[in-house]
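S.K.: Curious how this folds, go ahead:
(3 chains)
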Amino acid sequence: MPELPEVETVVRELKSLIIGKEILSITPLWLKSFDQKSKTKITGQNVEKISRQGKYIIMHLTGSYLIVHLRMTGQMLFKNDNTKVVDPHIRVLIQFTDDTALHFKDTRKFGRIYHVDHPESVLQKVGIDALDPNLKEEWFVSALKKSRMNIKALLLSQRLLSGIGNIYADESLFRSGIHPGSIAARIPGNSMISLFNNIRDVLTSAVENMGSTISDYRDSYGNKGNNQNFLKVYQRNGKPCEKCGRPILKVRMAGRGTHFCNKCQKIYS
DNA sequence: CCATGTACCTGAAGGC
DNA sequence: TGCCTTCAGGTACATG
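M.R.: Model prediction:
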C-alpha cells in the first residue's frame, strides 16, 4: 500500500509521538513479521531519532535500529491505552514504559519489522530517496540515459530512486506525457527533466495531503489520507483524461496494473 | 542486463 | 447463497 508520501506521513507523526520513549518490550504475534537480526536487548533502549529512506521507516534506538517496511497493508498505529490487543491483524506489539504502544497491523503479513545493528544490512540495495534535497536533475537524466529498462519498471525498482510505487509512478508519467512502456534511454532529455520535476511535485503534494488511501492505508492515528481525491490516472480507467477527454486505459505492465492516456503520453521505444 | 512468473498472504468484489 | 477467479499502495527470487 504505502509509498513515499504515506510513509513520510507516518514518520512525521511518529516523530511527535514516540521520540524519547523507552521501550518496555516488543512482542511478535506473527513470527515472520519480526526479523530479529541484532543481539542487543531492546528493553531499556530509547527511541532517539526517526528517519526514512524510500518506503522504509528507520527508528534509531540507543544501541540498535528498528526498521519497518509496511509493504501492502502495514500500519503503525499509536495507542495511548496500552491495555489489550483486540484487532486480530496486529502482528507486532511495541510497548513503551509509559503505558503507550505501537501496534503493527498488517492484514496480508507482507510487512516486516527488522531489528538490526546497522541500517545498511537492510537498506543496502535501496536507491537514494526520491525527495532527497541533494538530488540533481542532471544526475537523473544521465542515469536514465544508461538504462534500457521500461520506464515504469525502472521507477518501481527502487534501485535508482526509492519511494515511488504504483500510484505515483503512473501519476508522474502522466504529468510528464511519457507512456509507461517507453524505454528509459529513448526518452527525450527535456521529458526526462520534466519527469524528474513531476516525480518531486507529485510526491510533495501527496505528502501535503497526508498520502493516498485506496483501501488499507491509515496514518498512526488511524486516519485516512486525502490525496486519493487528486489522482489523475490511477484507478481512473474508463474515465475521461483531464487533458484530452479520451478514456484512461489500464494494462498490465511490469506485473502491475498501469494507468495512462494513450494520446497524451508518448511512447519512446 | 532485462522481462516474466511465482511466492508470500488476506479479503473484497464480480461472474456464474 | 455459494463457489471460483481476479485483483490489490510491494518486493525477493528463479528462470529464460
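S.K.: and the stretch 151-269 of chain A, which residues reach DNA strand C?
M.R.: Residues of the stretch 151-269 of chain A lying close to DNA strand C (CB under 7 Å from any atom of the strand) are A:156, A:158, A:165-167, A:212-217, A:255-257. C-beta: built from backbone N, CA, C; applies to glycine.
S.K.: just the helices in the stretch 101-250 of chain A please.
M.R.: A:120-123, A:137-145, A:151-156, A:166-176, A:189-208 (DSSP state H, counting those that start in this stretch).
S.K.: Packed most tightly, which of these would that be?
M.R.: Looking across the helices of the stretch 101-250 of chain A with neighbours counted as mean count of other CB atoms under 10 Å, the highest average goes to helix A:166-176: a mean of 25.
S.K.: That helix vs helix A:189-208, what angle?
M.R.: For helix A:166-176 and helix A:189-208, the angle between their directions (axes from the mean of the first three to the mean of the last three CA atoms, to 10 degrees) works out to 130 degrees.
S.K.: Show residues contacting helix A:166-176.
M.R.: A:3-5, A:151-152, A:155-156, A:164, A:179-180, A:191, A:194-195, A:198-199, A:201-203, A:206, A:212, A:214, A:231-234, A:256-261, A:264-265 (CB atoms under 8 Å, 6 or more residues apart in numbering).
S.K.: Among the residues you listed, name the ones that also lie close to DNA strand B.
M.R.: Counting by CB under 7 Å from any atom of the strand, no member of the contacts of helix A:166-176 reaches DNA strand B.
S.K.: picking that back up, now, which of the residues of the stretch 151-269 of chain A next to DNA strand C sits nearest residue A:223?
M.R.: If you rank those by distance to residue A:223 using CB to CB, residue A:213 comes first, at 8.6 Å.
S.K.: Is it correct that that closest one is in contact with residue A:222?
M.R.: No: applying CB atoms under 8 Å, one finds residue A:213 not in contact with residue A:222, separated by 11.1 Å.
S.K.: Would you enumerate the residues in contact with the one residue in the stretch 151-269 of chain A that gets nearest to DNA strand C?
M.R.: In the stretch 151-269 of chain A, no residue comes nearer to DNA strand C than residue A:165, which is 2.1 Å away by CB to the nearest atom of the strand. Residues in contact with residue A:165 (CB under 8 Å, 6+ apart) are A:2, A:3, A:4, A:55, A:156.
S.K.: Please repeat the previous calculation with a cut-off of 10 Å.
M.R.: Counting by CB atoms under 10 Å, 6 or more residues apart in numbering, residue A:165 makes contact with A:1-7, A:54-55, A:72, A:155-156, A:158, A:212, A:256.
S.K.: These in strands, which ones?
M.R.: Applying DSSP state E to those, the entries found in strands are residue A:256.
S.K.: Quick one: name the residues of the stretch 51-200 of chain A near DNA strand B.
M.R.: Applying the criterion CB under 7 Å from any atom of the strand, the portion of the stretch 51-200 of chain A that neighbours DNA strand B consists of A:88, A:89, A:107, A:108, A:109, A:110, A:147, A:148, A:149, A:150, A:153, A:183.
S.K.: do you know how far residue A:216 is from residue A:107?
M.R.: 7 Å (CB to CB, to the nearest Å).
S.K.: repeat for residue A:36
M.R.: For residue A:36, the distance to residue A:107 under the criterion CB to CB works out to 22 Å.
S.K.: Pick out whichever of those two has more residues nearby.
M.R.: Neighbours per residue, other CB atoms under 10 Å: of residue A:36 and residue A:107, the larger number sits with residue A:107, 17 against 13.
S.K.: Low-confidence regions, chain A specifically.
M.R.: Scanning chain A for pLDDT under 70 picks out A:1, A:83.
S.K.: Report all helices and strands that whichever helix or strand residue A:94 is part of contacts.
M.R.: Using DSSP states H and E, the element containing residue A:94 is strand A:90-96. Helices and strands touching strand A:90-96, by 3 or more CB pairs under 10 Å, 6 or more residues apart in numbering; DSSP states H and E, are strand A:23-28, strand A:34-36, strand A:65-69, strand A:74-79, strand A:101-106, strand A:112-116.
S.K.: That's all I had, so thanks and see you.
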